[in-house]
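> Quick one: sequence plus predicted model below, questions after.
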Amino acid sequence: MILPTHIVGAGGLVINDEGKILLVNNPRKGWEYPGGIVEVGETVIQGVKREIKEETGVDVEVVNMVGIYSNTKKKKGYGGVEVVPTIVTIDFICKYISGELTTSVESSDVKWFSKEEAINIVRKKQQYRLRKALDFGNAITCAGFIVNDEDEIEVHEEYEFER
């Protein structure tokens, strides 16, 4: 039996005391909230905290899990990766704790934005997840989608689970 291969990612919607949202300008992808691939040997929470620190320079407290998303479209990879398999991303709301905003190889710019500004500046495929996180009441979203050629999400399955 061949086991399926999935990439596990974690995204963090970082909110400060003024209600502003932290975004990074990824040189390859444009504006997005911080996150990335969970590394071997670390938990999802450790992964999201590490990714946020690496991309923005700030430390956070994870407050809530808001969504689990499966991007089921296989696509051509880069950097020696031939095909990118299904990516399962777990999104969290995080509270800013400390640190100065700094850039990295994964972030050419790091800024705080109002919720409205954030929705309008993030790339199309992140707008769906950002809206779900901002509208988080007491339900966790679990959804499956593909990203089309226009960088938009086409949802093929969505559930809301009450906490």
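Arrived safely.
> burial measure for the closest residue to residue 27 other than its chain neighbours, as a count.
Leaving aside its chain neighbours, residue 27 sits nearest to residue 108 (4.9 Å; criterion: Cβ to Cβ, 6 or more residues apart in numbering). Every C-beta, even on glycine, is put in place using the N, C-alpha and C of the backbone. A count of nearby residues for residue 108, using other Cβ atoms under 10 Å, gives 12.
> Quick check: residue 108 vs residue 124, distance?
As defined by Cβ to Cβ, to the nearest Å, residue 108 lies at a distance of 19 Å from residue 124.
> before we move on, what about residue 134?
For residue 134 relative to residue 124 (Cβ to Cβ), the value is 16 Å.
> Repeat that for residue 27.
Distance from residue 27 to residue 124, by Cβ to Cβ: 18 Å.
> Leaving out chain neighbours, which residue sits closest to residue 50?
residue 42 (7.0 Å).
> The one you found looks like it's in a helix, true?
No. Under DSSP: H, G, I helix; E, B strand; the rest coil, residue 42 sits outside any helix and is assigned coil.
> what are the phi and psi values for it?
phi -110, psi 150 (degrees, to the nearest 10).
> Then residue 125?
Here residue 125 shows phi and psi, under degrees, to the nearest 10, equal to phi -70, psi -10.
> list the buried ones in the helix or strand harbouring residue 50?
Element membership for residue 50, per DSSP states H and E: helix 44-56. For helix 44-56, a neighbour-count test (16 or more other Cβ atoms under 10 Å) marks 44-45, 47-49, 51-53, 55-56 as buried.
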